[in-house]
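In: Task: produce atomic coordinates for the following.
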Amino acid sequence: MRIKPKTMKHLWAVGREYGLSKEDMHALAEAELSEEHISKLSEAQAKYLIDRIQGKEVSRPAPSGMASNSQKKYILDLSHKLGWSDNPKRLSGFIKKYAKTDSIDWLTSYQAGKVIEGLKKMSERA
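Out: From the prediction side, this is the model:
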């Protein structure tokens, strides 16, 4: 979801409050999120920048369209419940079969959903 005007104003206000220039803000967005235009940030990315400017310890948001950190955590939790934590190749093979990608880090949000549903069905049968 694109940045809302209210969040955009808040981002610029926080930047000014902490003494950041327009160039500093763009450099921060580029360095932290690989996005040179503030207007192209997502809502989550803008909130991440606000927290970073304010000095809060936050995890970087997933790039747009990629699996969220909560989806990845849920996949890992489900694989742990299935007893796969001692053999990471099981999860890698499952992801490769259902999402056609090699790593959990490369899953899109849609692919992560497919993997989650597959793991949930397997855990129901177990």
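In: Could I get the average pLDDT for the lengthiest helix in the chain?
Out: Counting residues, the longest helix found in the chain (DSSP state H) is helix 109-125. Averaging pLDDT along helix 109-125 yields 91.
In: ok, and what's touching that helix?
Out: Contact with helix 109-125 is made by 65-68, 71-72, 74-75, 78-79, 81-82, 94-95, 98-101, 107, as judged by C-beta atoms under 8 Å, 6 or more residues apart in numbering. (C-beta placed from N, C-alpha, C; glycine too.)
In: Buried ones among those residues?
Out: For the contacts of helix 109-125, a neighbour count by 16 or more other C-beta atoms under 10 Å gives the buried set as 66-67, 71-72, 74-75, 78-79, 94-95, 98-99, 107.
In: Can you name every helix or strand that the host helix or strand of Leu91 contacts?
Out: With secondary structure defined by DSSP states H and E, Leu91 is part of helix 88-99. Secondary-structure packing of helix 88-99 (3 or more C-beta pairs under 8 Å, 6 or more residues apart in numbering; DSSP states H and E): helix 69-81, helix 109-125.
In: could the ones you listed go into TSV alongside distance to Lys22?
Out: Shown next, in TSV, are the helices and strands packed on helix 88-99 (distance: least, C-beta to C-beta, whole Å):
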stretch	distance to Lys22
helix 69-81	30
helix 109-125	32
